[in-house]
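Novice: please work out how this folds:
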Amino acid sequence: MYCRTAELFINSGTGPSIVLEHSETPAARTVRIGLLSPYSGTNIGDQAIQVAFIANLRARFPQAELVGIYLNPRRAAALHSISTFPITGLALPFYASAAELFSSGSEPANQVSTDDGPEQATSRLRQYLKQLPGLRGLVLAARKTASGVRNFITELRWIGRSWRLVGDLDLLIVAGGGQIDDEWGGSWGQPYVLMRWAILARSRGCPFAVTSVGVGTLDRVFGRRFFAAALRRANYLSLRDQGSADAIGKLLRRPAPKVVFDIAGSLTDADRGVRGGGGSRGRIAVSPIAFRRAGSWPNAAHGLYETYIARFAELVASIAAAGHEIVVFTTSGADGAAVNDMLDRLRITAPDLAARLPVVKPKTLAELMELMADCDAVVASRLHGVILAHLAERPVLALSFDRKVDVHMQQYAQEAFRMDIASFAVADARARFDRLMSESAAVAALLRDARLRYGRDLQLQYDALAALVTAKSARVAGSAPAPARE
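Specialist: Numbers count the residues shown, from 1 in each chain. Modelled structure (predicted):
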């Protein structure tokens, strides 16, 4: 008999994680696939990738059980109706929150005691202790040490549970953005997490696939070592663009891996929600990014961010003055602060416009794609704000903050409508926007051709992943050797 015991967060109910147990014969066993991503449910681009994976894997394995291994299991389970599991046991600034990783959804938050007596006594004691020389530094050091110890113990506990989960999977897929990047959370964020799961997969005989990922920041020695250890264990490896493939080939000291476009390119027609024609009023969707904003980005640069927001606001005002209807949107929860900063700027420079601007903060991919379908063009900076608009066949003026946006614009033959976030001039941006609008029909045709071309490669990649699943299932039944690594 084939027995399964894994502790998962489920997609319904409000209690803590529960144990799901199944006992099956090998011939009747259900295919189980893990989707691994630093995803918390608030980034629509990462959500689009999960939606695409779920639809395409279920097209090949209709009865498959999918397990999302994420940063916020509860939120993701509710969004995607799949079982979920914490990606790590470590809580790290700008990466993972213990409350999001392990919250059961049933505990009341921030309970406040109504008993004033003990609270007042505690307050007086704190005031007294603050007067003792050197105590504050000692307390801070003790807190840091205690936090580190708790992190270590929690991670050990979740490694054990992760080991049991991986042993029950037919395939573990690295699925989503932000995978090869050590900026968010440092070496012990995504670099360590990827290595951790790769080692667990290898030890449990579970195929490990890394699909269509891009390379971001690789500044830390341990981060690079962790990533190299993870990627060397991959049974399947593809990168999102040639620059990323070359970087990983150099890191692994191997030929560059294959290049397969971003997974969002495999969204089904239903999930893309495309309608012809766009809006009827020259409606333009604009989306500022919180790039380098203090408190929103690990490496803050106040001057750069403030200049960008001021120019973005001026560009929006210029487009509105030409008679276009503007709608502001976000594709990531972090960008809500950037929207507020832009509106604050417009309240000074264009108060009438600021007062009437609608702001849409989509919670789901379907909501975002509905917005895209009702617009004629988009001005955005985030990668998937650009990609998803292109998949909806809407022209985009991209104010690029990263190489990945530059590469995407090149892949879709849209280099003429890409500008650097740190140096674009408003007058030049407005001229390019006007050209974009005048060439919108030709641009839409190019976007359609690129989507179909890259979509074919993505379907072949899903076929390769399906072959790994089939091979693992055959090995469990005792009828096939282990598949060769690519």
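
Novice: give the contact list for the residue nearest to residue 235 when sequence neighbours are not counted.
Specialist: Leaving aside its sequence neighbours, residue 235 sits nearest to residue 207 (CB to CB, 6 or more residues apart in numbering; 4.5 Å). For glycine as for every other residue, the C-beta is placed from the backbone atoms N, C-alpha and C. Taking CB atoms under 8 Å, 6 or more residues apart in numbering, we find residue 207 in contact with 170-172, 201, 235-236, 468-469, 471-472, 483.

Novice: then residue 338?
Specialist: Shown in contact with residue 338 (CB under 8 Å, 6+ apart): 288-291, 293, 296, 309.

Novice: cool, and residue 252?
Specialist: Listed by CB under 8 Å, 6+ apart, the contact set of residue 252 reads 228, 231-232.

Novice: buried ones in the longest helix along the chain, by neighbour count?
Specialist: Using DSSP state H, we find that the single longest helix of the chain is helix 440-476. Of the residues in helix 440-476, 440, 443-444, 446-447, 450-451, 454, 457-458, 461-462, 464-466, 468-473, 475 count as buried by neighbour count, 16 or more other CB atoms under 10 Å.

Novice: now do stretch 380-399
Specialist: Buried residues in stretch 380-399 (16+ other CB under 10 Å): 380-399.

Novice: end-to-end on it?
Specialist: 6 Å (CA to CA, to the nearest Å).

Novice: next one: that stretch to chain centre, how far?
Specialist: 16 Å (CA atoms, centre = their mean, to the nearest Å).

Novice: now do that stretch, average pLDDT.
Specialist: Averaging pLDDT along stretch 380-399 yields 96.

Novice: and the gap between residue 439 and residue 408?
Specialist: 19 Å (CB to CB, to the nearest Å).

Novice: okay, these two: which has more neighbours?
Specialist: Regarding residue 439 and residue 408, a neighbour count based on other CB atoms under 10 Å identifies residue 408 as having more, with 26 against 14.

Novice: for the helix or strand hosting that one, buried residues please.
Specialist: Element membership of residue 408 [criterion: DSSP states H and E] is helix 403-411. Neighbour counts using 16+ other CB under 10 Å place 404-409, 411 of helix 403-411 among the buried residues.

Novice: residues contacting that helix, please?
Specialist: Residues outside helix 403-411 that contact it (CB under 8 Å, 6+ apart) are 214, 216, 240-243, 261-262, 381-383, 386-387, 390, 398, 400, 415, 417-418, 450, 454.

Novice: same thing but 7 Å
Specialist: Helix 403-411 has contacts (CB atoms under 7 Å, 6 or more residues apart in numbering) with 214, 241, 243, 261, 383, 386-387, 398, 400, 415, 417-418, 450.

Novice: so which of those belong to helices?
Specialist: Checking the contacts of helix 403-411 against DSSP H, those in helices are 243, 383, 386-387, 450.

Novice: if we can go back for a sec, ok and the helix holding residue 408 relative to helix 440-476, angle-wise?
Specialist: Angle of helix 403-411 versus helix 440-476, following axes from the mean of the first three to the mean of the last three CA atoms, to 10 degrees, is 110 degrees.
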